[in-house]
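Peer 1: Give me a 3D structure for the following:
(one chain, ligands or ions: 1)
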Amino acid sequence: MPLEPLPLPGADLRLDPAWLPRAEADALLATLLRDLPWETHRIRLFGREVASPRLSLWIGDPGAVYRYSGTRFAPHPWPPALQALRTRLEAAAGGTFDSVLANLYRDGRDGMGWHSDDEPELGPRPLIASLSLGAARRFALKARAGDARLAFGLPHGSLLLMAGDTQRRYRHALPKTAKPVGPRVNLTFRRVRPP
Ligand SMILES: O=C(O)CCC(=O)C(=O)O
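Peer 2: Okay, here's the model as predicted:
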């Protein structure tokens, strides 16, 4: 299925709900759950440092250092499964990536609050490729100014591209849910250093 544009004024969003074939998505999810050395990252919330309600891992080329929420992350080396995926994602997205933030939402109590991926090292109009594996969760965007909003599900194997002014004009979130949901892994491929 092709990447289809999503209707949100001033944003550049494209979604393919079934980008990665089912069997590949199943195998990749199992590998990442089993093999990645998942960490708890600390984030700043209302001036306090707290444990982020999800597990994460920053992966990238040597030197692809990332700072967010007051912490500096040196990259873990690329696991072979993600190195191969990077090349395919670059072809699909029409850009290049030097790093990926992997996140594990263990169940519905894990989530991510409203934010933009607007750290200076990403540049003003970053291309971000977000691959979702496991339990389908709702992804929401709301305008920084005005009342434009959009929310949609991100199913197993889906690919969401965020580009252009999306980060500058919108915040996004992965709301927690009271529904019984299993684990979900999300991979956001980015570029933090000039090509
Ligand atoms: O899990 C997701 O789909 C979104 C993750 C996210 O917004 C982030 O890590 O910046």
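
Peer 1: Any idea how many residues pack against the residue nearest to residue 76 when sequence neighbours are not counted?
Peer 2: Closest residue to residue 76 apart from its sequence neighbours, by C-beta to C-beta, 6 or more residues apart in numbering: residue 59 at 4.9 Å. Any C-beta I mention is one placed from the backbone N, CA and C, and that applies to glycine too. By other C-beta atoms under 10 Å, the residues close to residue 59 number 21.

Peer 1: close enough to count as contact, residue 59 and residue 102?
Peer 2: Yes: Residue 59 is in contact with residue 102 according to C-beta atoms under 8 Å; the separation is 6.2 Å.

Peer 1: list the residues that contact both of the two?
Peer 2: residue 82 (C-beta atoms under 8 Å, 6 or more residues apart in numbering).

Peer 1: got the contact list for whichever residue of the chain sits closest to the ligand?
Peer 2: Nearest residue of the chain to the ligand (C-beta to the nearest ligand atom) works out as residue 186 at 3.4 Å. Residue 186 sits next to 102, 103, 105, 130, 131, 132, 133, 154, 174 when contact means C-beta under 8 Å, 6+ apart.

Peer 1: So which of these are in strands?
Peer 2: 102, 103, 105, 130, 131, 132, 133, 154, 174 (DSSP state E).

Peer 1: okay, and the helix or strand of the chain with the least pLDDT?
Peer 2: strand 42-45 (a mean of 77; mean pLDDT, DSSP states H and E).

Peer 1: Sheet-wise, list the partners of it with their directions.
Peer 2: Strand 42-45 sits in its sheet next to strand 48-51 (antiparallel), going by DSSP bridges.

Peer 1: Pull the residues that contact the following helix or strand past the strand it pairs with.
Peer 2: With elements assigned by DSSP states H and E, the helix or strand that comes after strand 48-51 is strand 55-60. The contact list for strand 55-60, computed with C-beta under 8 Å, 6+ apart, reads 36-41, 66, 73-79, 82, 98-104, 106, 192.

Peer 1: Same check on stretch 92-100?
Peer 2: Counting by C-beta under 8 Å, 6+ apart, 3, 16, 19, 58-61, 64, 66, 75, 82, 86, 89-90, 127, 129, 159, 161, 163, 187-193, 195 sit against stretch 92-100.

Peer 1: Where neighbours are concerned, which of the contacts of residue 186 has the most?
Peer 2: So for the contacts of residue 186 (other C-beta under 10 Å), the most neighbours sit at residue 132, 29 neighbours.
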